[in-house]
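[1] Give the three-dimensional model of this entry:
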Amino acid sequence: MYQLAVFAVFAVGVILRLPAFGRMLLSDDEAIYATTADALTRGALLYRDVVDHKPPLIYHVYQAGFSILGPYNVHGAHLLVLVAVLFTAGMLFAMGREHSRAESSEPTQSSELAGSSELAIAALAAPALFLVFSTTWHDYDALAANCELFLLAPQTLAAWMLLRAVNSRATGTRAAVTHAAVGVLIGTSALFKYQGVTFLGTSFGLLGWYALLRRTTWRFAGAMALSQLVGVVIPPAAYLWWCAAGGNAAAAVYWFRFNFSYVGAGLTGVAALQRGLSRLALIGGVAAVPYVLGVANAVSTFAGVGRVIRRREPEAAARPGLPSCVSVLASLWLATSAIAVTAGGRYFGHYFHLCLPPLCVLAAPSFARLWNRGWSRRAPLVALCALPALSFFSLATFARPLGAALDEHEPPYDEVAARIASITAASDSIFVWGNSPQLYILARRSMGTRFSFCNYMTGESPGTPTETGARDADENQLPASWQMLFEDLERQRPALFVDAAAAGWDGYEKFPLARYPRLRDYVDAHYRPVEVSAGVVLYRRDLMGSPRR
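    Here you go, the predicted structure:
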């Protein structure tokens, strides 16, 4: 019966993500990753020949997706993110079983759960909550193949390995290698999203907790922390070495440094705090079960840790009611994930995926206790889990028109992409002025410059007041990007110049060509307008090369 329940939970997780395969692109992020991956497939070097400032692994994952289902087919990435989500849930299940074994073998610490039934339910509750509530938001955030969901796969594996390592109390070379492997996984997660490195706070904190309880020495804990640090450096160092061999190491460092200004653009004080609290209230309200139960357990755990620190009692390791190793790990994980979410002050919905695994681990014991108290408690739990999942599943499928109406109106990308494809050859490249990379993928045309979007030139920074016009974007411009753009336009000479700003798409009504005289002059000199599609002006390259005034 229990095996059937496990199968059912993971099957539900698959079903809830099937709507991702109903549309080719769920978000502009997916379009950016896909266009970048397409350029890499054509032999471009990341950060030199094709540019986005994020860490590299997400683009290579999309490349892998193309190798599975074919070029421009983003469903390959959707398939891989489904695998990543199921793997993450599997590791949460493994952590729950590890917790069950620890609780069964240490009766003095079993106050969190009573009985094998609750232990079994708690082990399954964490992956179940994760699989359900990783889908309970708008499809462009919850279902899209974003960095966060891929990051969680190595991160949860690191959490499981860390838990086993401290519980086994291994020493010597075996322990050092295990903790170095934990570090490698943390470093790998950071190559999906730089904030993945914050998990070091979790691993260091858990080592300190065991040293505080006298279950290991501070010297050993320090040595294992050093092993983790060595492991963390290995993946980025290996990638930089690969870049150096390819000739794009300097470009990789340049765009890594850009991230500091990108983060700074989002740190807008009280406005950023308001954005964060507002988004937290919405997402946490929809996912009330893991958020309420998980945060409550985290508060209780940190209170227990605080009591141990204040008392400093040598016999603390044997005290009844001591926070379990899993609770401490998950509480630290939640705290470091919260730091990762807040870095940059943008608070997009998919950022909150980072907090979900630790929340689900923390919520699992309380969920199991409530579940075992009969249908008076079980029915509300089922309702609070099923209603959000079914609602967002509906909005992503048969109620898609309603979902589109609730969101900002999406431009007719398909219509314009079809026109682009009809007046260009498959071998032609195009350039889109705006923030509409969807056109490259849907038209199945390669990029005519290294940029899939124009925010580096205009200074618009998504998720900040520059997006709404409340703050001048010009101060965020990257001057070097303009020079790169003109170099690319002259070298690659894209067959079509697509002015999506003319239609006011994706907030680019603020950035018409007329605002940038040099670009306007370049278009007038080398292109001629051939068509207006849904407000988007399509310019064809003048093959004669004679300037027109």
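
[2] CA atoms for contacts and neighbours, from now on please.
    Will do.

[3] A125 contacts A364, doesn't it?
    Yes. Using Cα atoms under 8 Å, A125 makes contact with A364 at a distance of 5.2 Å.

[4] ok, now how distant is I441 from V361?
    38 Å (Cα to Cα, to the nearest Å).

[5] between those two, which one's more packed in?
    For I441 versus V361, the count of surrounding residues by other Cα atoms under 10 Å is larger for V361: 31 against 25.

[6] For the more buried one, which three-state class applies?
    helix (DSSP: H, G, I helix; E, B strand; the rest coil).

[7] hang on, it packs against L92?
    Yes. Contact criterion Cα under 8 Å: V361 and L92 qualify, at 7.2 Å.

[8] Any idea which helix or strand in the chain has the lowest mean pLDDT?
    Counting by mean pLDDT, DSSP states H and E, the weakest-scoring helix or strand in the chain turns out to be helix 400-406, with a mean of 77.

[9] Now the helix or strand containing Y239: buried residues?
    Following DSSP states H and E, one finds Y239 within helix 218-246. Buried residues in helix 218-246, counted by 16 or more other Cα atoms under 10 Å: 218, 220-221, 224-236, 239-240, 243.

[10] so what secondary structure elements neighbour it?
    helix 172-190, helix 199-212, helix 249-266 (3 or more Cα pairs under 8 Å, 6 or more residues apart in numbering; DSSP states H and E).

[11] tell me the angle of it relative to helix 199-212?
    160 degrees (axes from the mean of the first three to the mean of the last three Cα atoms, to 10 degrees).

[12] I'd like the mean pLDDT over stretch 188-205, please.
    Stretch 188-205 carries an average pLDDT of 96.

[13] Start and end of it, how far apart?
    End-to-end distance of stretch 188-205 (Cα to Cα): 20 Å.

[14] if we look at it, which residues are touching it?
    54-58, 147-148, 150-155, 159, 162, 183, 186-187, 225, 232, 235-236, 329, 332-333, 336-337, 339-340, 343 (Cα atoms under 8 Å, 6 or more residues apart in numbering).

[15] Buried ones among these?
    54-58, 147-148, 150-155, 159, 162, 183, 186-187, 225, 232, 235-236, 329, 332-333, 336-337, 339-340.

[16] OK, contacts around the residue nearest to L129 when sequence neighbours are not counted?
    Nearest residue to L129, sequence neighbours excluded (Cα to Cα, 6 or more residues apart in numbering): C360, at 5.9 Å. By Cα under 8 Å, 6+ apart, the contact list for C360 reads 125-127, 129-130, 290, 294.

[17] any idea how far A298 is from C360?
    11 Å.

[18] one step back: let's have the helices and strands packed on helix 218-246 in JSON lines, adding distance to A8.
    Formatted as JSON lines, those follow (distance: least, Cα to Cα, whole Å):
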{"stretch": "helix 172-190", "distance to A8": "29"}
{"stretch": "helix 199-212", "distance to A8": "31"}
{"stretch": "helix 249-266", "distance to A8": "41"}
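
[19] The stretch 51-200 of the chain: helices as residue ranges?
    Assigned by DSSP state H, counting those that start in this stretch, the helices in the stretch 51-200 of the chain fall at 57-69, 75-105, 116-133, 139-142, 147-168, 172-190, 199-212.

[20] And the third one, what does it pack against?
    Which is helix 116-133. helix 2-17, helix 75-105, helix 356-371, helix 375-395.

[21] can you do 6 Å?
    If you count contacts as 3 or more Cα pairs under 6 Å, 6 or more residues apart in numbering; DSSP states H and E, helix 116-133 packs onto helix 75-105, helix 356-371.

[22] most neighbours per residue, which of those helices?
    helix 356-371 (a mean of 26; mean count of other Cα atoms under 10 Å).

[23] Next, the angle from it to helix 116-133.
    130 degrees.

[24] ok, now how distant is the spatially most central residue of the chain from L157?
    For the chain, the residue nearest the mean C-alpha position is E148 (2.0 Å; Cα atoms, centre = their mean). Noted for E148: a distance of 14 Å to L157, by Cα to Cα.

[25] One more: A176?
    17 Å.

[26] Ok, A170 next?
    Applying Cα to Cα to A170 and L157 gives a distance of 18 Å.

[27] Show me which of those two is the more surrounded one.
    More crowded of A170 and L157, by other Cα under 10 Å: L157, with 21 against 13.

[28] what's the more buried one in contact with, if anything?
    Contact analysis of L157 by Cα atoms under 6 Å, 6 or more residues apart in numbering lists nothing.

[29] Can you pull the poorly scored residue ranges out of the stretch 251-400 of the chain?
    Low-confidence segments of the stretch 251-400 of the chain, defined by pLDDT under 70: 265-268, 312-321.

[30] at 50 what do you get?
    314 (pLDDT under 50).

[31] Please apply the same query to the stretch 401-549 of the chain.
    546-549.

[32] Go again with 80.
    Applying pLDDT under 80 to the stretch 401-549 of the chain flags the ranges 403-409, 463-471, 543-549.

[33] for it, what spans make up the helices?
    Going by DSSP H, counting those that start in this stretch, the stretch 401-549 of the chain shows helices at 413-422, 438-443, 455-458, 479-492, 517-526.
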